[in-house]
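Undergrad: this one's sequence-less:
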């Protein structure tokens, strides 16, 4: 949830229509973006002093117009772009304009959330979404597709059913990819998935049952939250510091809660960029073995490092499962991930893949395998690292004097906010100025409180000039402080 809230103070419409109208305008104007979550019914009802039924009716209107989607048990989200690539803001325009034509009064907007039409989604600088910087992947894809088009026999094979874990050549390529991050295992223990999120979903379904307790860092990858909710798992956050998981906190929690698994991002942690030391890795591995804890390790960010530290799984031959993908180092649209698991877990995860989707699509798996085997992946990652270096340099220059955390290889920064800034206010002020960021509450596990901090992704801005502009706006906002937001 991005913190934007409507206000009904200047509206003469029925309350449910005023709420729906306000959100339509926010989606049209870029204040609410595709994939962002609307407030829970009870929270919005309490904030606006209306009934939950009024909120439900308003959200129903938005869903009927195609502007939001309701996910059972998970909440209501701004709808993603259509298949033809149209932005949600453009789909919201007709509904918003229709309300205007009806003569209904415009719903007021909380002061610091208002954005004029000039601040539409098309002009926003995205420092929120963590995506790779553009390199040669599109050009390379066209070349690879031409090669595949010239091999009719292979093309025919790729249209057939495949083993649920992937073709042998694809699993071998996955083993080579994981070996870059210190995971040395036979291809039989590597499974091909449709990205890291799909791999994580399959692992959780294989390892855990509804009601089981799983730990994660107190701030962690948001995808684990949605999956835990869907699978009815008890997700508990473990204290972290500037290095990552605090072993003593993990030990205490294991003694109190009898967890089944730990999900963690120990290398280039998302969102704080921390990397666990070798000493802490050894301590966490020892705790995992003693408490029979399955450690599910997200290695997606580690692909950007030249020499990442040995994964926890290297110390946990019977308890460690690793998940990786090409999404942050190469291209998220390729949707290929790899899971490496102890032999005892392989069959269980294979059964989940089979029941979930039967198999991962072999065409993108073939593309990824070719790039890994012929070395093109090394060239793409080298280009990505060069882009990270350049953008890290821009950030260091523009944000000189401001305290933030990062790693030279990380595509994002972690910016704690000094008093009197609050994260929601800061995010809303930036949005009003045309810049998007991710607040810490997007990463909070369980019911813990979120620190006042934001994650700044360097890849979302599609040019160095746009990145510099967005960071300059951010630095200026930091410097000016929040006092002006409350002036009449």
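TA: Done, it's in. On a predicted model such as this, the values are computed, not experimentally measured, just so you know.
Undergrad: hang on, residue 28 is in a helix, isn't it?
TA: Yes - using DSSP: H, G, I helix; E, B strand; the rest coil, the assignment for residue 28 is a helix.
Undergrad: where does it land on pLDDT?
TA: Per-residue confidence (pLDDT) for residue 28: 74.
Undergrad: And for it, the neighbour number?
TA: By other Cβ atoms under 10 Å, the residues close to residue 28 number 24. The C-beta positions use only the backbone N, C-alpha and C, and glycine is treated the same way.
Undergrad: cool, the one 4 residues further on as well?
TA: Burial of residue 32, expressed as a neighbour count using other Cβ under 10 Å, amounts to 29.
Undergrad: for residue 70, same thing?
TA: Residue 70: 15 neighbours (other Cβ under 10 Å).
Undergrad: before we move on, what about residue 148?
TA: 16.
Undergrad: wouldn't it be in contact with residue 155 here?
TA: Yes - in this structure residue 148 lies within contact range of residue 155 using Cβ atoms under 8 Å: 6.0 Å.
Undergrad: Below-threshold pLDDT in this protein: ranges please.
TA: Within the chain, the stretches falling below the threshold (pLDDT under 70) are 1-3, 9-12, 29, 81-122, 484-488.
Undergrad: so where does residue 70 fall, helix or strand?
TA: Using DSSP states H and E, residue 70 maps to strand 68-71.
Undergrad: buried residues in the following helix or strand past that strand?
TA: Downstream of strand 68-71, the next assigned helix or strand under DSSP H and E is strand 75-78. Buried residues in strand 75-78, counting neighbours by 16 or more other Cβ atoms under 10 Å, are found at 75-78.
Undergrad: again, but for stretch 207-219
TA: 207-208, 212-219.
Undergrad: same question, stretch 38-57
TA: In terms of neighbour count (16+ other Cβ under 10 Å), stretch 38-57 has its buried residues at 38-39, 41, 44-45, 48, 50, 54-55, 57.
Undergrad: Let's see which of those end up in helices.
TA: 41, 44-45, 48, 54-55, 57 (DSSP state H).
Undergrad: Pull the number of nearby residues for residue 357.
TA: Neighbours of residue 357 (other Cβ under 10 Å): 14.
Undergrad: Apart from its neighbours in sequence, what residue is nearest it?
TA: residue 194 (6.7 Å; Cβ to Cβ, 6 or more residues apart in numbering).
Undergrad: ok, that neighbour - contacts?
TA: 335-337, 357, 360-361 (Cβ atoms under 8 Å, 6 or more residues apart in numbering).
Undergrad: One more: residue 61?
TA: Shown in contact with residue 61 (Cβ under 8 Å, 6+ apart): 16-17, 20.
Undergrad: ok, those vs residue 188, which is closest?
TA: Nearest to residue 188 out of the contacts of residue 61 is residue 20 (Cβ to Cβ; 53.8 Å).
Undergrad: picking up where we left off before, tell me the one among the buried residues of stretch 207-219 nearest to residue 263.
TA: residue 216 (4.6 Å).
Undergrad: Just confirm the closest one is within a strand.
TA: Yes - the assignment for residue 216 by three-state DSSP puts it in a strand.
Undergrad: Return the list of helices and strands in contact with the strand holding residue 70.
TA: helix 52-64, strand 75-78 (3 or more Cβ pairs under 8 Å, 6 or more residues apart in numbering; DSSP states H and E).
Undergrad: neighbouring contacts of the shortest one?
TA: Yep, that's strand 75-78 we're talking about. With Cβ under 8 Å, 6+ apart, strand 75-78 has contacts from 27, 32-38, 40, 59, 62-63, 67-71, 88.
Undergrad: so who does the closest residue in space to residue 214 that isn't next to it in sequence touch?
TA: Excluding the flanking residues, the one nearest residue 214 by Cβ to Cβ, 6+ apart is residue 261, at 4.6 Å. Residues near residue 261 by Cβ under 8 Å, 6+ apart: 204, 207-208, 212, 214-215, 293-296.
Undergrad: ok, those residues vs residue 429, which is closest?
TA: Nearest member of these to residue 429, counting by Cβ to Cβ, is residue 215, at 34.7 Å.
Undergrad: give me every residue that touches residue 446.
TA: Residue 446 sits in contact with 218, 235-237, where contact means Cβ under 8 Å, 6+ apart.
Undergrad: and the chain, what are its domains?
TA: The record assigns the chain these domain ranges, following automatic domain parsing: 15-110, 137-375, 378-486.
Undergrad: okay, now residue 420: neighbour count?
TA: Neighbours of residue 420 (other Cβ under 10 Å): 10.
Undergrad: quick one: it is in a helix?
TA: No - Residue 420 is assigned coil when assessed by three-state DSSP, not a helix.
Undergrad: what about it, distance to residue 396?
TA: The gap separating residue 420 from residue 396 is 26 Å, by Cβ to Cβ, to the nearest Å.
Undergrad: Repeat that for residue 349.
TA: Residue 349 is 42 Å from residue 396, by Cβ to Cβ.
Undergrad: Between these two, point out the one with more neighbours.
TA: residue 349 (22 against 13).
Undergrad: Residue 69 versus that one, what's the distance?
TA: For residue 349 relative to residue 69 (Cβ to Cβ), the value is 29 Å.
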